[in-house]
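Enquirer: Quick one, fold the following:
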Amino acid sequence: MADESRSAGNTNTSIAPMLSVRNGAKAVEFYKAAFGAGELFRIDADGGAVVARLSVAGAEFWVSDESPEHLNFSPESLGGGTVRMVMIVDEPDAAFARAVAAGATVVHPVDNQYGWRLGRIADPFGHHWEIGKPLAEGG
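Expert: Presented below is the predicted three-dimensional model:
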């Protein structure tokens, strides 16, 4: 029986979150400082709104100023978010510390839980990020 949970014949499929924020330009700078993100694409509108495609070690995501007219709301407008990002890195303690130094808020410090070395932060725009890696068997 074929595995229907995989896209047949398409190896170029990817899914990248688009994070809605209130201040896109400031968010892009935060993600550069916190995660070492690079800009792959960016549009700055006359009114100051930004849409940017970012990459952290090849993992892509988008940042955009919220636009209620297009039903894109930031966690600040909604009173919280509906999605958490999970960033898997080789050195979660260092990545976590860098994000906090850049202005993230600690939700849960890094520790070993559920077979992972994992911590959770909230970025200044209301998005939550779990930063960690799976532990080795028996670790």
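Enquirer: number of nearby residues for residue 77?
Expert: Burial of residue 77 is recorded as 13 neighbouring residues (other CB atoms under 10 Å). All C-beta spots, glycine's among them, are computed from the backbone N, C-alpha and C.
Enquirer: Sheet-wise, list the partners of the longest strand along the chain with their directions.
Expert: Using DSSP state E to assign secondary structure, the strand with the most residues in the chain is strand 105-113. Strand pairing for strand 105-113, using DSSP bridges, gives strand 116-122 (antiparallel).
Enquirer: Contacts for the partner strand, please.
Expert: 84, 92-93, 96, 99-100, 104-112, 128-135 (CB atoms under 8 Å, 6 or more residues apart in numbering).
Enquirer: Would you mind confirming that residue 132 is in contact with residue 92?
Expert: Yes: assessed by CB atoms under 8 Å, residue 132 is found in contact with residue 92 at 4.5 Å.
Enquirer: Find the residues that touch each one of those two.
Expert: 110, 117, 118, 119.
Enquirer: Can you show me the helices along the chain?
Expert: 24-35, 75-78, 92-101 (DSSP state H).
Enquirer: Looking at those helices, spot the one closest to residue 123.
Expert: Comparison of the helices of the chain against residue 123 by CB to CB identifies helix 24-35 as nearest, at 6.4 Å.
Enquirer: wait, doesn't residue 104 sit right on residue 129?
Expert: Yes: with contact defined as CB under 8 Å, residue 104 reaches residue 129; the gap is 7.5 Å.
Enquirer: residue ranges with poor pLDDT in the chain?
Expert: Applying pLDDT under 70 to the chain flags residues 1-10, 138-139.
Enquirer: Let me see the contact set for the residue nearest to the spatial centre of the chain.
Expert: The residue lying closest to the centre of the chain (CA atoms, centre = their mean) is residue 85, at 4.9 Å. Residue 85 makes contacts with 17, 61, 127, 128, 129, 130, as judged by CB under 8 Å, 6+ apart.
Enquirer: Closest one to residue 32 out of these, please.
Expert: For these, the nearest to residue 32 is residue 61 (12.6 Å; CB to CB).
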